[in-house]
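Asker: A structural model of the following input is requested.
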Amino acid sequence: MALPRPLVVILGATGCGKSRLALELGRRFSGEIVSADSMQVYKGLDIITNKVTQKEQQLCTHHMISFLDPLVSYSVVDFRNKALSVIEDIFDRHKIPIIVGGTNYYIESLLWKVLVDTKEGKICSAPDGGVGSGTSSPNRKEELEKLDPQDLYKRLAEVDPEMAEKLHPHDKRKVARSLQVYEEAGVPHSKLLQQQRQEEGGGPLGGALRFPRPCILWLHADRAVLDGRLDRRVDDMLTAGLLEELNGFHTRYNQQKVAENSQDYQHGVFQSIGFKEFHEYLTSNSNCSETREKLLTQGIAALKQVTKRYARKQNKWVRNRFLKRPGANVPPVYGLDVTDVSQWEETVLRPAAQILESFLKGEEPTMQPLTMESDQYEGKRSRRVCELCDKIILGDQEWKAHLKSKNHQHHLKRRKKAEAHLNTQSSLGSSENIPQNT
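Answerer: A predicted model of the protein is given here:
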């Protein structure tokens, strides 16, 4: 009996070569690529979202790219449902599905059963800090997000105090999501999550693994090298026609919204990295070439900065949600260093192919998977209030970081200075009351 083909997953920050490796493995092992990118599902903005070219798509079949109108709401649940159907079809045709993309919580929703089923059979988004956005009724969630944050949080605290205790009052997305879960299921979000974790194969962050023995590869690079690579990629985007793409998209989809002051850079394709960073440039009515050039320069600098910040966030997610994931339902992750692209064949493609070949044979790869000490989930959502800074802090590590932060230290010094001043004044007052010898 033939061994079941593995699901291949390629993780990594933007600009590290995920698409290149996916294409090479797909051609070599008769695979088909399933994009897991929350922005690439939309039509348009091909350059800014770094979609593979039409020529590359002809070399290897790609799925989940450019099939949605930019104005359509699309959630992680929508993605999960469609992508699982695509993956099943690829397996049925005796090919290998290769998941690749930068939206890690999309990938997480495919690997683990981390979405909550409601009584009505609808699907709601999952835990705090888990699969992070979108539900079966995205419009309702957006309606809730428009409410006053204090009223929204108060409502959640009334129907699900346990979940409210784990969420920050200002995190409108997660608060709204938990309220929506309650509305659709008639059961507190926290209770549904607890049931999910207690199911066979479940763990602290959700349900069981969906696929046996997934082959997971993580491409990583030296930070300074990756930063330089990302800066150059932005320059290449500009050369490829980025400004023309942004102007055309803005005119077609966003100009009227800006005129009505109803633009929304928090949902859908409009939250693409690079679009909102050029808002001032795209909406400027100035005829002064110097002013427009200044706005353009600022937009380019902002794009480079936010891209590098996003890359760090992606790598942090991989470490925390894959390598340090608590529980027993965690598959091995194999690391591939892409710092020196001139050594791509030796350090990336060849070992990746050897790992996949071992999976196909049902053998353990000779390369050892990465190991990191698992996170202890307890304390990750613990709630503390810093009265000095008037802040709510969630998580033990976040609390420790806050105590060391410049802002907290600044307030601490001011308080100590004020206390010292009061002590001095008190001492002076006491000395004035002491009778003097005559």
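
Asker: any idea which helix or strand of the protein has the worst average confidence?
Answerer: strand 123-124 (a mean of 48; mean pLDDT, DSSP states H and E).

Asker: what does the next helix or strand after that strand rub up against?
Answerer: Moving toward the C-terminus from strand 123-124, the next helix or strand (DSSP states H and E) is helix 138-145. By CB atoms under 8 Å, 6 or more residues apart in numbering, the list of residues contacting helix 138-145 from outside reads 73-75, 134-135, 152, 172-173, 175-177, 179-180, 183, 267. For the C-beta atoms, the positions are set from N, CA and C on the backbone; glycine is no exception.

Asker: same question, stretch 282-293
Answerer: By CB under 8 Å, 6+ apart, stretch 282-293 touches 246-247, 250, 254, 258, 281, 295.

Asker: Apply 6 Å and report the result again.
Answerer: Outside stretch 282-293, the residues that touch it by CB atoms under 6 Å, 6 or more residues apart in numbering are 250, 258, 295.

Asker: Next up, the contacts around the second one.
Answerer: Applying CB under 6 Å, 6+ apart, one finds that Val258 lies in contact with Thr283.

Asker: Next: the first one.
Answerer: For His250, the contacting residues are Leu282, by CB under 6 Å, 6+ apart.

Asker: of the contacts of stretch 282-293, closest to Leu209?
Answerer: Using CB to CB, His250 is the member of the contacts of stretch 282-293 that lies nearest Leu209, at 42.3 Å.

Asker: Look up phi and psi at that closest one.
Answerer: phi -60, psi -50 (degrees, to the nearest 10).

Asker: separation between it and Phe270?
Answerer: 10 Å (CB to CB, to the nearest Å).

Asker: picking that back up, now tabulate the contacts of stretch 282-293 in a markdown table and tack on pLDDT.
Answerer: Output for these, formatted as a markdown table (pLDDT from 0 to 100):
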| residue | pLDDT |
| --- | --- |
| His250 | 91 |
| Val258 | 82 |
| Leu295 | 94 |
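
Asker: could those be laid out in CSV, adding distance to Met64?
Answerer: CSV is the format used below for the contacts of stretch 282-293 (distance: CB to CB, whole Å):
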residue, distance to Met64
His250, 25
Val258, 30
Leu295, 34
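
Asker: Beyond the helix or strand encompassing Arg173, next helix or strand please.
Answerer: Taking DSSP H and E as the definition, one finds Arg173 inside helix 172-185. Sequence order places helix 189-198 as the next helix or strand after helix 172-185, per DSSP H and E.

Asker: Average pLDDT for the following helix or strand past that next one, rounded please.
Answerer: Using DSSP H and E, the next helix or strand after helix 189-198 towards the C-terminus is strand 215-220. For strand 215-220, mean pLDDT rounds to 98.

Asker: again with stretch 8-19
Answerer: Stretch 8-19 comes out at a mean pLDDT of 97.

Asker: ditto for stretch 84-103
Answerer: pLDDT averaged over stretch 84-103 gives 97.

Asker: Could I get the CA-only coordinates of that stretch as PDB?
Answerer: Provided in PDB are the C-alpha atoms of stretch 84-103 (Å, rounded to 0.1, in the frame of the first residue of the first chain):
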ATOM      1  CA  LEU A  84      -9.000  22.600   2.500                       C
ATOM      2  CA  SER A  85     -11.100  21.700  -0.500                       C
ATOM      3  CA  VAL A  86      -8.300  22.600  -2.800                       C
ATOM      4  CA  ILE A  87      -5.800  20.500  -0.800                       C
ATOM      5  CA  GLU A  88      -8.100  17.500  -0.700                       C
ATOM      6  CA  ASP A  89      -8.500  17.700  -4.500                       C
ATOM      7  CA  ILE A  90      -4.700  17.800  -5.000                       C
ATOM      8  CA  PHE A  91      -4.300  14.700  -2.800                       C
ATOM      9  CA  ASP A  92      -7.100  12.900  -4.800                       C
ATOM     10  CA  ARG A  93      -5.100  13.500  -7.900                       C
ATOM     11  CA  HIS A  94      -2.000  11.900  -6.300                       C
ATOM     12  CA  LYS A  95      -0.100  15.200  -6.200                       C
ATOM     13  CA  ILE A  96       1.600  17.000  -3.300                       C
ATOM     14  CA  PRO A  97       0.100  20.200  -2.000                       C
ATOM     15  CA  ILE A  98       2.700  22.800  -1.100                       C
ATOM     16  CA  ILE A  99       1.400  25.600   1.300                       C
ATOM     17  CA  VAL A 100       3.400  28.800   1.000                       C
ATOM     18  CA  GLY A 101       2.700  32.300   2.100                       C
ATOM     19  CA  GLY A 102       3.300  34.900   4.700                       C
ATOM     20  CA  THR A 103       0.000  34.900   6.600                       C
END
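
Asker: Done for today, thanks.
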